[in-house]
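Quick one, structure for this:
(chains A and B)
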Amino acid sequence: MLMSETMISTFFNLVPLIVFFPVIGLLINIVFGGWMKEKAIGWLASAASGLAFVVSVLLAVSLSGAHGEAQVVPFAEWIRIGELNIPWNFRVDTLSVTMMLVVSGVGTLIHIYAIGYMHEDVRFKNDPGRFRRFFVFLNLFIAMMMILVSGDSYLMLFVGWEGVGLCSFLLIGFWYEMDTLGRPSWANSDAAKKAFVVNRIGDLGFILAAMTMFWYFGSLQFGEVFARAEEIAAAQPLVMIAITLFMLIGVAGKSAQIPLYVWLPDAMAGPTPVSALIHAATMVTAGVYLVARSAPLYTLVPQAQYIVALVGALTALFAATIAVGQYDIKKVLAYSTISQLGFMVAAVGMGAYVAGMFHLVTHAFFKALLFLSAGSVILGLERGHHHLAHHGRHGSPKSPTSDSDPRSQETSDSGHHEEVRRAEPVEAFDPGDMRNMGGLRKTMPVTFWLYLIGTLALAGIFPLAGFWSKDEILADAQLHYPLVYILLTIAAFFTAFYMGRQIWMVFFGKARHDAAAHAEESKLIVTAPLMVLAGLSIFGGALNLPYLHTFTHWLGYTLGGEGAQAVAEGAAHVTEVTPWYVLGGLNLAVAGLSTLLALAAIYFSWLIYGRKPLAAGQKDPLKKGLGFIFTGMERKWFVDEIYWAAFVDRYVDISRFLADVIDGRFWHDWFHDKLLAGTYNWLSRVALDKVIDTRGIDAFFNGLGELTKQASTNLRRLQNGFVRSYALAVLFGVVAILGYLLIR
Amino acid sequence: MIPLAYYLAISAILFTLGALGVLIRRNPLIIFMSVELMLNAANLAFVAFARAYDVLAGQIFVFFVIAVAAAEVAVGLALIVVIFRTKHSIDVDLMNSLKG
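Down below sits the predicted model:
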């Protein structure tokens, strides 16, 4: 290493900047954004995120210079109550730096993309002022995510955890007064609330885990907890299981696992860059990070590990089946995200922390790519639609009238904005519906190729990033957890199938809607970040190639035993077990099988959707073949309905009961009105007023007054005005006094 | 030397006459004179005691009493004049407007 030790430590001291650059960015935008142009706002926010990325890179460089030794950089004292002492320390180790790089790197690209995307979006939806708000929220998200990954204690992690939850809420409900098609409704804010409430359930698990941990460990600092983990696990294994399982609830909430995944599909109500950044690449992986971070705890309780792995695998399969039946381009990707998060959670649950983190990183690349490309598709369709609305219709009966066009408002008087919006018919063009697409390969070639790269990476086709990371998970699962392996393999098959379906439906065949026929390619500011992400999706697998295992070694510094163990295991396969098909830690049988399955799935999807493309208004061909099973997939297995019936309605019933019977009738009517107020009234009216007051106090004072009056009436006679009688009285008085003095 | 008791007896008789005069008569001038009688009965007692016990203070006190009595009569006569001017009478029993 050429750099001196002081240089390295200086870089470590820069770590608070990963939080403060975005904070400074958002503050500038809040204060001065009103005077700044759109471009300036967007680039400022991007620069704030980009600077955080630069700092992350510097940290990574210093860390590899310091041989991966974890650094704790004290920043400020935060909480000190009794024996609870939680400073705000930054933890710089290979795990947190990996997350920092992903968050700030992908985040910066998405910031840049959003400059182009939101420009069109806010124009379409008639509110340019929101451009600034959007970037303020994005920067806040980056700052919170950085707090999450860089915190040195569970509580600091929780601060970030809640912060990103807040940003998620704010951004899902970004267009809070409309639905995804721009019609006035509360659908988007309902989606935001759903995400927030479901996350809150998960957060309760996290809080319980943290409290239990503090009760038994007396600390929430990572270092202290991990140091005592083995001792506690040996003494009280149940405590350890409770902590890890409570934590799993938090993970299920944040990383959208069964049973708390339901918020993520609805979260697609947010603008597409948000879906890409928060609900695909970074925030939802916080749960995976949490498990990887808590590796020293999970490693001690295999039972909990198995449950985590099973939850992940089940989620992976379950969500993948739902993705097959979706028509909304972003919904498919949302369920795909849930499914892929299931892969990661399964991986970290199995103790394959490196594989999980590896998949987290590659998934961040290709899923961000897919979401942003989907955003580009949506923009392209909106542009086509816009084009139609302004150049007359082309004879298609499906073509919407200009009234239903959200952009026609632009030309109307802005003073009558509200009225115009209300006057819109319910029927509106949905640019995200894949049934409206088709044939976009020709009109949007750049987006097509980018989307194809993302799809192949996600499907796990050699040699794209997804192949390496997914294969690593499958190989680890195949070693110890056959059930998980089977579930994940089937899920991988479905993954390739629904992505193939999407490609055929969106980009091939003929346009099923005039808007698709007139779709226009996006500008460079939108496609350029996609190209970078596409490059990362292609070459991301190079992070952890067989024989080299760069990433395994890198994370091994932090995950210690676990990482090293994984390397050793890989080596063991080469030397001891040595089936011929395992090369440098790459299980060719597993990889080959999953690739074959993926290819087969894509072939099937071609058979169903590619060979004979969907016509306009035609039903999904799978519906005929699978019947009610497909209906189940299409309707998300009715999970929302079941939750609604089982929890939401019951919750409403309970709250009604509480409000009506307990609060209304019991507390209000009976207890307060009848018992308290009634008793009080009786006391005051009868007991106090009539008895004590009237007959007691009143009577006493009235009597006193009467007495005085009587006395004065009697005594006034003495003062008769005759001076001589006074003199006589004086004389008698003197005589009496003298007489008394004499006799005494 | 006439014994002290004689003086005191005369003093008491004078005082009683004075007091009776104040109580019985309705003419304020007479009442004033009766008051003078009472004061002078007291003066006589003072002087008698002063002489009997050879103390000068009693005699000096008498001078003060005489001075105060003169002042009192001056004020009293002025009042009587004013009352006469308003009521055209000086009967004390008519001056009973201050009563309960």
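
got the buried residues for the helix ranked longest in chain B?
If you go by DSSP state H, chain B has its longest helix at helix B:57-87. Buried residues in helix B:57-87, counting neighbours by 16 or more other C-beta atoms under 10 Å in any protein chain shown, are found at B:Gly58, B:Phe61, B:Val62, B:Ala69, B:Ile80, B:Ile83. From N, CA and C alone the C-beta is placed, and that goes for glycine too.

Looking at the fourth one now. What's its pLDDT?
Translated: B:Ala69. Listed pLDDT for B:Ala69 reads 93.

tell me the contacts of it?
Contacts for B:Ala69 (C-beta atoms under 8 Å, 6 or more residues apart in numbering or on different chains) come out as B:Val35, B:Glu36, B:Leu39.

So which of those residues are in strands?
Per DSSP state E, strands hold no members of the contacts of B:Ala69.

Please produce a markdown table containing these, extended by pLDDT and neighbour count.
Formatted as a markdown table, these follow (pLDDT from 0 to 100; neighbours: other C-beta atoms under 10 Å in any protein chain shown):
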| residue | pLDDT | neighbour count |
| --- | --- | --- |
| B:Val35 | 92 | 20 |
| B:Glu36 | 93 | 18 |
| B:Leu39 | 94 | 20 |
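
For chain B, what lies in contact range of chain A?
Residues of chain B that fall close to chain A, judged by C-beta under 8 Å from any C-beta of the partner chain: B:19, B:22-24, B:26, B:92-93, B:95-100.

Throw together a ChimeraX command that grabs the buried residues out of the residues you listed.
Filtering these down to the buried ones (16+ other C-beta under 10 Å) takes a single ChimeraX command:
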select /B:19,22,92,95
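
Can you redo the residues of chain B next to chain A as CSV, where the extra columns are secondary structure?
Converted to CSV, those look like this (DSSP: H, G, I helix; E, B strand; the rest coil):
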residue, secondary structure
B:Ala19, helix
B:Val22, helix
B:Leu23, helix
B:Ile24, helix
B:Arg26, coil
B:Val92, helix
B:Asp93, helix
B:Met95, coil
B:Asn96, coil
B:Ser97, coil
B:Leu98, coil
B:Lys99, coil
B:Gly100, coil
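
Go through the residues of chain B next to chain A and say which is closest to A:Pro431.
B:Gly100 (105.0 Å; C-beta to C-beta).

what ranges do the helices span in the stretch 401-550 of chain A?
A:417-423, A:440-443, A:445-459, A:465-480, A:482-507, A:514-517, A:524-539, A:550-559 (DSSP state H, counting those that start in this stretch).

closest one to A:Gly312 among those helices?
helix A:482-507 (7.7 Å).

so what secondary structure elements neighbour the closest one?
helix A:302-324, helix A:329-349, helix A:440-443, helix A:445-459, helix A:465-480, helix A:588-605 (3 or more C-beta pairs under 8 Å, 6 or more residues apart in numbering or on different chains; DSSP states H and E).

In the stretch 551-700 of chain A, what residue comes closest to chain B?
Closest residue of the stretch 551-700 of chain A to chain B, C-beta to the nearest C-beta: A:Phe700 (27.2 Å).

what's the spacing between that residue and A:Ile692?
Distance, A:Phe700 to A:Ile692, by C-beta to C-beta, to the nearest Å: 11 Å.

before we move on, the earlier item: what about the residue of the stretch 551-700 of chain A closest to chain B, helix or strand, and which?
The secondary structure element spanning A:Phe700 is helix A:699-715 (assigned by DSSP states H and E).

who touches the helix or strand that that helix is followed by?
Past helix A:699-715, further along toward the C-terminus, the next helix or strand under DSSP H and E is helix A:723-743. Contacts to helix A:723-743, defined as C-beta under 8 Å, 6+ apart, come from residues A:Leu718, B:Ala19, B:Val22, B:Leu23, B:Ile24, B:Arg26, B:Val92, B:Asp93, B:Met95, B:Asn96.

Repeat that for stretch A:621-629.
A:Val324, A:Gly325, A:Ile608, A:Tyr609, A:Lys612, A:Leu614, A:Phe630, A:Thr631, A:Met633, A:Glu634.

ok, and for it, which residues are buried?
Buried, per 16+ other C-beta under 10 Å, within stretch A:621-629: A:Leu622, A:Lys623, A:Leu626.

Tabulate these (a markdown table), appending distance to A:Trp43.
Below are the buried residues of stretch A:621-629 laid out as a markdown table (distance: C-beta to C-beta, whole Å):
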| residue | distance to A:Trp43 |
| --- | --- |
| A:Leu622 | 45 |
| A:Lys623 | 47 |
| A:Leu626 | 49 |
